[in-house]
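Q: have a look at this prediction, sequence included:
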Amino acid sequence: MNLRRWTMTALLAAAAGAAPAGAVERARVEVGGDARSSVNVTIYNDGLALVREVRDVELPAGESVLHWADVAAQVRPETVHVGDAGDTTTFRVLEQNYKYDVLNPSRLMELYLDRQLTLVTVNPGTGAEEREQATLLSTQEYNFVYRTDEGITFGHPGRVVLPEVPASFVPRPTLEWLLEASQAGRRTVETAYLTGGMRWNADYVLVLDQADAHGDLTGWVTLANESGIGFQDSRLQLVAGRVNIVSTGADGRYPPAPPTTTAYPGSGERQQFAEEGMFEYHLYTLQRETDLMDREQKQIELLGAAGLQVQKKYRLDGDSYYYVSEYSGVMENLPVWVWIEFLNSEENGMGMPLPAGMVRLYKSDPYGGRQFLGEDDIDHTPRDEKVELRVGRAFDVVAERKQIDYEVLSYTLYETEWEVHIRNRKPEPIVVELHEPMAGDWEVLSASHEWEKESARQLLFRIAARPDEDVVLTYRIRTRY
């Protein structure tokens, strides 16, 4: 045997568990997910989750190696915290290892480079299996190259038999600790870690009444678990807010995040989730246990509010470029958008901070069926704040505008005059809000309708239109840059 082959054999023997002379034999304790007595999962908006679980473990006195199996495949090992849930002095952690060399065919073949294995082929004439010893020379791009007694070969048509599984493999991701316990006994071991692969978002359904004046709102939490592990009978908590997460640095590490202790409110509320403030975020705690299985999406009702007052608005939006550029012709079929607004207040039957999510609007048709009206997303909305939803484009409201005068008074001074038509083809009167973004220093020189300076950069007209009425708004603007 040459020196290179001898060295590789020695290394593999060491990896397979060959202990050097004088090595300390430590007790090995294996504990899996079936030993869980409780688990708490806190999920954040950005695909991050904090897992806290307790398992009952029998530890010997002195040093031992604890294998903690059934953890999330996307665990961030540098964030792991472990200790005795009842008494922090019963043991201490000397070392921690995260074993993620999970058994799979390609990785197994890589560890058999320069090692002997058996090639098995089937004789097509007799059907008998024929075996020969070979040494694996290369695994590049899954093109395996072997050395046999006849020479170098590749593209083997049969199967490969390996004598054993290297000890470095684990069937699933596992945390391993070297512990030192003051005395033997049963311990309640608690661990917490951050993991990726779990996310949640809010989805809302708003059903309008026939007059578009009231609505029933239902909020749902949509959960997705792709962390590589499932949790049964878990306590679920959700954090709404933008938690700062530092990107990985050159060493690929994330800053450790110690677990937090949060009170679990008692039941008795009509809503399934109890809400409370936490730091600068909001915490939603499910008032019962639930299963969070791997590769599963589920929905849980977050809130419900009936008969909340809503307001429907029609809105036409302009552009700040209108007042420094020359336009010819008529701008026809401008979109008049329909908006639904409501106040998130206790007086309006709500008042719970609303996590960011998608709101979908529905309304019953004359035949009793529910029809989809549109959807819009909302940001995190505190209580007593307004929710504004752009539902869709009004069918029976027509808008067009025309520039009837354009003057350049100087290099930085412009005057423009506009004519805007609002035609209402609906059977009831409406009000269209014309929002005009402005730029530079501006002033309204004349206008046919009342106007309002919403802000330093916003001009607002409210145009009332009766059924089948064509309302003409004219106004003149001076703009200085």
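A: Right, received. Where do you want to start?

Q: drop to CA atoms for contacts and neighbour counts, all remaining ones
A: Noted.

Q: who's in contact with residue 161?
A: 117-120 (Cα atoms under 8 Å, 6 or more residues apart in numbering).

Q: in strands only, show me the residues you listed.
A: Counting by DSSP state E, the contacts of residue 161 place 117-120 in strands.

Q: may I see these arranged in TSV, with pLDDT as well?
A: Converted to TSV, these look like this (pLDDT from 0 to 100):
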residue	pLDDT
117	88
118	89
119	89
120	90
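
Q: need the max-distance pair from the residues you listed.
A: By the measure Cα to Cα, 117 and 120 form the most distant pair in these, at 9.9 Å.

Q: spit out the residues that contact these two alike.
A: Common contact partners of residue 117 and residue 120 (Cα under 8 Å, 6+ apart): 160-161.

Q: quick one: which of those two has more around it?
A: Regarding residue 117 and residue 120, a neighbour count based on other Cα atoms under 10 Å identifies residue 117 as having more, with 20 against 17.

Q: keeping just the C-alphas, turn stretch 76-87 into PDB.
A: Provided in PDB are the C-alpha atoms of stretch 76-87 (Å, rounded to 0.1, in the frame of the first residue of the first chain):
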ATOM      1  CA  ARG A  76     -29.000  28.500  12.500                       C
ATOM      2  CA  PRO A  77     -26.800  26.600  14.900                       C
ATOM      3  CA  GLU A  78     -25.000  29.700  16.200                       C
ATOM      4  CA  THR A  79     -28.300  30.900  17.600                       C
ATOM      5  CA  VAL A  80     -28.900  27.800  19.700                       C
ATOM      6  CA  HIS A  81     -29.500  28.100  23.500                       C
ATOM      7  CA  VAL A  82     -29.700  25.100  25.700                       C
ATOM      8  CA  GLY A  83     -30.200  24.700  29.400                       C
ATOM      9  CA  ASP A  84     -32.100  23.000  32.200                       C
ATOM     10  CA  ALA A  85     -35.600  24.500  32.300                       C
ATOM     11  CA  GLY A  86     -35.900  23.900  36.000                       C
ATOM     12  CA  ASP A  87     -32.400  24.500  37.400                       C
END
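
Q: and it, what's its mean pLDDT?
A: Stretch 76-87 shows a mean pLDDT of 85.

Q: run the chain-centre distance for that stretch.
A: Relative to its chain's centre, stretch 76-87 lies at 25 Å (Cα atoms, centre = their mean, to the nearest Å).

Q: report the buried residues of it.
A: Using 16 or more other Cα atoms under 10 Å as the test for burial, stretch 76-87 gives 76-84.

Q: likewise stretch 182-199?
A: By neighbour count on 16+ other Cα under 10 Å, the buried set for stretch 182-199 is 187-199.

Q: how far away is the residue lying closest to residue 120 once chain neighbours are set aside from residue 219?
A: In this structure, residue 120 finds its nearest non-sequential neighbour in residue 131, 4.7 Å apart by Cα to Cα, 6 or more residues apart in numbering. Going from residue 131 to residue 219 by Cα to Cα, to the nearest Å gives 64 Å.

Q: the two: who's more crowded?
A: The neighbour count for residue 131 versus residue 219, taken as other Cα under 10 Å, is higher for residue 219 (22 against 15).

Q: where's that one, which helix or strand?
A: According to DSSP states H and E, residue 219 maps onto strand 214-225.

Q: try residue 107
A: Residue 107 belongs to helix 105-110 when assigned by DSSP H and E.

Q: now that helix: buried residues?
A: 108-110.

Q: equivalent analysis for stretch 403-416, please.
A: Residues 403-404, 406, 413-416 are the ones in stretch 403-416 that count as buried (16+ other Cα under 10 Å).

Q: quick check: beta-bridge partners of residue 421?
A: When bridges are called by DSSP bridges, residue 421 pairs up with residue 400, residue 472.

Q: ok, it to residue 242 distance?
A: Separation of residue 421 from residue 242 (Cα to Cα): 44 Å.

Q: these two - which one has more neighbours?
A: residue 421 (18 against 12).

Q: good, we can wrap up now.
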